[in-house]
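*Asks:* what's the 3D shape of this:
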Amino acid sequence: MVGPKKIVVTGIGATTPLAGTAPESWKALLAGESGTRSFQHEWVAQYEIPVTFAAEALVRPEEVMERVEVRRHDPASQFALIAAREAWADAGVVDFDPDRLLVDWATGIGGVWTLLNAWDTLRERGPRRVLPMTVPMIMPNGPAAAISMSLNARAGARTVVSACASSTESLANAYDHLQQGLADIVITGGSESCIHPITVAAFANMQALSKRNDDPARASRPYDRDRDGFVMGEGAAALVLETEEHAKARGAKIYAEVAGAGITSDSYHITAPDPEGLGATRATKLALEQAGLQTSDIAHVNAHATSTGVGDIAEYHALRAIFGDHLSEVPVSATKASTGHLLGGTGALEAIFTVLALHERLAPPTINLENQDPEIDLDVVTSPRQLPAGDLAAVSNSFGFGGHNAVVAFKTV
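*Replies:* Numbers count the residues shown, from 1 in each chain. Sure thing, here's the model as predicted:
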């Protein structure tokens, strides 16, 4: 019987609140920078929005895309194209069969800006002024379709929508699709752009957002005793995956191996996680089993760690259930402290950070941790930390509204 194929990462790309590319975002992360800033929008005062900051993408799409292309795509698709093109260029693919190139993409919400702008146009200017491209621009599969057409991917353009677990789930799907032989190369990741008055107001009224309006850069503080909610973020992250055999045949550089993934659901509550992290625990076990890893093999965790009271503690319970006494030896990074929460794009971005942590053997820091919650007994990385030599493995966690849990495991190569 033929065993599972070895799936590797050969390209990365990102546009984030920290920087306009993946390497620059990684550099800013290691430097302990924050991508959270006060809004410079008239609508904050106009609508009396209670939260006046977010982690908006540092480089705006109109700075790097042609004007006509910006006009034809919702911001979620704009960010997706920027990240996917960077990852594709980084992978250095020259000759490929379009029928063997697949897109596995994700978003949590989709084209919310296009939808709400169209509604404003309809009310204020009438139906004839609504853009003909409105429907394609609001479709959740719009980013996947845009990437497929831009890069000539004809093996499929698939879309996952599972809230904040979306792009980790898309990565798991990409792994499966390569194992199944549906493609030679997969472009996977996620994008989000929904920092809008309605979503900010709604999340704030849910008591989910931090309200540190006077100190936005320090608002996202995972595991801190004084954490008061997450910070909305936006942007996109993309990874190019292929079988090791295919990558080596074309002489590609390899960042890391995608070793396995696990997906479960809580069936508990629409917004709150299972307080004991039972679904997250099962997802991690599935990822480790598929990867052929023991808990003692894990040298690093990039945690979901949104900086909410219930979310951080539930994830801690899951980590404790998985790792037991070994947990004290596992350095944990909570990178949303720097990037904010990219919702449907966050898993892919944190997957890139996990891949780079293994590739460079350097765990990134968690900023803003001043008084660690005594109920969360983790070894949290607060300054860049060297990882040991030898074969290493790491996991990246993502959990979303609706009880979605997705965990992916990586190995060094």
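*Asks:* Which stretches in the stretch 201-350 of the chain count as helices?
*Replies:* Taking DSSP state H, counting those that start in this stretch to define them, one finds helices in the stretch 201-350 of the chain at 244-249, 278-291, 309-323, 336-339, 346-360.
*Asks:* Contacts only, for the residue most central in space within the chain.
*Replies:* By C-alpha atoms, centre = their mean, the chain has its centre lying nearest to Thr346, at 2.0 Å. The neighbourhood of Thr346, defined by C-beta atoms under 8 Å, 6 or more residues apart in numbering, consists of Cys164, Ser167, Gly190, Glu192, Gly233, Lys336, Thr339, Ser398. Using the backbone N, CA and C atoms, a C-beta is placed for each residue, glycine as well.
*Asks:* between the residues you listed, which has the most around it?
*Replies:* Neighbour tally across the contacts of Thr346 (other C-beta atoms under 10 Å): the maximum, 40 neighbours, falls on Gly190.
*Asks:* wait, is that one part of a strand?
*Replies:* Yes - using DSSP: H, G, I helix; E, B strand; the rest coil, the secondary structure at Gly190 is a strand.
*Asks:* Would you agree it is in contact with Glu350?
*Replies:* No - using C-beta atoms under 8 Å as the test, Gly190 is too far from Glu350 to be in contact (10.5 Å).
*Asks:* of the contacts of Thr346, closest to Gln372?
*Replies:* Among those, Lys336 lies closest to Gln372 (C-beta to C-beta), at 16.0 Å.
*Asks:* Can you tell me how far the closest one is from Ser38?
*Replies:* Lys336 sits 18 Å away from Ser38, taking C-beta to C-beta, to the nearest Å as the criterion.
*Asks:* Over to Ala202?
*Replies:* The gap separating Ala202 from Ser38 is 20 Å, by C-beta to C-beta.
*Asks:* How about Ile270?
*Replies:* Distance from Ile270 to Ser38, by C-beta to C-beta: 31 Å.
*Asks:* So for these two, which residue has more residues nearby?
*Replies:* Ser38 (14 against 9).
*Asks:* Let me see the contact set for Gly403.
*Replies:* Neighbours of Gly403 in contact, by C-beta under 8 Å, 6+ apart: Ser265, Asp266, Ser267, Tyr268, His269, Ile270, Pro273, Asp274, Gly279.
*Asks:* What residue, apart from its backbone neighbours, is nearest it spatially?
*Replies:* Distances taken as C-beta to C-beta, 6 or more residues apart in numbering place Asp266 nearest to Gly403, at 3.2 Å, with adjacent residues excluded.
*Asks:* coming back round to it: of the contacts of Gly403, which is the most crowded?
*Replies:* Counting by other C-beta under 10 Å, Pro273 has the largest number of neighbours within the contacts of Gly403, with 29 neighbours.
*Asks:* was I right about it contacting Ser267?
*Replies:* No - if you go by C-beta under 8 Å, Pro273 and Ser267 don't touch, sitting 11.5 Å apart.
*Asks:* overlap in contacts of those two?
*Replies:* Shared contacts of Pro273 and Ser267, defined by C-beta under 8 Å, 6+ apart, are found at Gly279, Gly403.
*Asks:* and Gln386, backbone torsions?
*Replies:* phi -70, psi 130 (degrees, to the nearest 10).
*Asks:* Let me see the domain layout of this structure.
*Replies:* Dividing the chain into domains by automatic domain parsing, as the record does, gives the ranges 7-249, 261-411.
*Asks:* I'd like those domains laid out as TSV, including distance to Tyr255.
*Replies:* Shown next, in TSV, are those (distance: least, C-beta to C-beta, whole Å):
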stretch	distance to Tyr255
domain 7-249	4
domain 261-411	5
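*Asks:* Okay, and the beta partners of Ala261?
*Replies:* Val408 (DSSP bridges).
*Asks:* Report the distance from stretch 281-295 to the chain centre.
*Replies:* Stretch 281-295 has its C-alpha centroid displaced from the chain centroid by 20 Å (C-alpha atoms, centre = their mean, to the nearest Å).
*Asks:* start at 185 instead
*Replies:* Sure, I'll start numbering at 185, so the last one becomes stretch 465-479.
*Asks:* re earlier: format the domains of the chain as TSV; extra columns: mean pLDDT.
*Replies:* Shown next, in TSV, are the domains of the chain (pLDDT from 0 to 100):
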stretch	mean pLDDT
domain 191-433	98
domain 445-595	97
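*Asks:* Identify the residue spatially nearest to Thr490, adjacent ones excluded.
*Replies:* Using C-beta to C-beta, 6+ apart and skipping residues adjacent in sequence, the residue nearest Thr490 is Phe414, 4.2 Å away.
*Asks:* partners of that neighbour in the sheet?
*Replies:* Leu393.
*Asks:* just His525 next, same as before
*Replies:* Applying DSSP bridges, one finds that His525 bridges with Met416.
*Asks:* Direction-wise, compare the helix or strand hosting Ser261 with helix 530-544 and give the angle.
*Replies:* In this structure, Ser261 is located in helix 259-275 according to DSSP states H and E. Direction vectors for helix 259-275 and helix 530-544, defined by axes from the mean of the first three to the mean of the last three C-alpha atoms, to 10 degrees, enclose an angle of 20 degrees.
*Asks:* Now do the buried residues in helix 259-275.
*Replies:* 259-272, 274-275 (16 or more other C-beta atoms under 10 Å).
*Asks:* swap in stretch 380-392?
*Replies:* Those would be His380, Pro381, Thr383, Val384, Ala385, Phe387, Ala388, Ala392, for stretch 380-392 by 16+ other C-beta under 10 Å.
*Asks:* one step back: tell me which of the contacts of Thr530 is nearest to Glu232?
*Replies:* Nearest to Glu232 among these is Gly417, at 22.6 Å by C-beta to C-beta.
*Asks:* what's that closest one in contact with, if anything?
*Replies:* Contacts of Gly417 (C-beta under 8 Å, 6+ apart): 200-201, 219, 238-240, 376, 379, 520, 523-527, 529-530.
*Asks:* What about the residues you listed, which one has the most neighbours?
*Replies:* Among the contacts of Gly417, the one with the most neighbours (other C-beta under 10 Å) is Gly529, at 36 neighbours.
*Asks:* shouldn't Val235 be in contact with Ser394?
*Replies:* Yes - using C-beta under 8 Å, Val235 is in contact with Ser394, at 7.4 Å.
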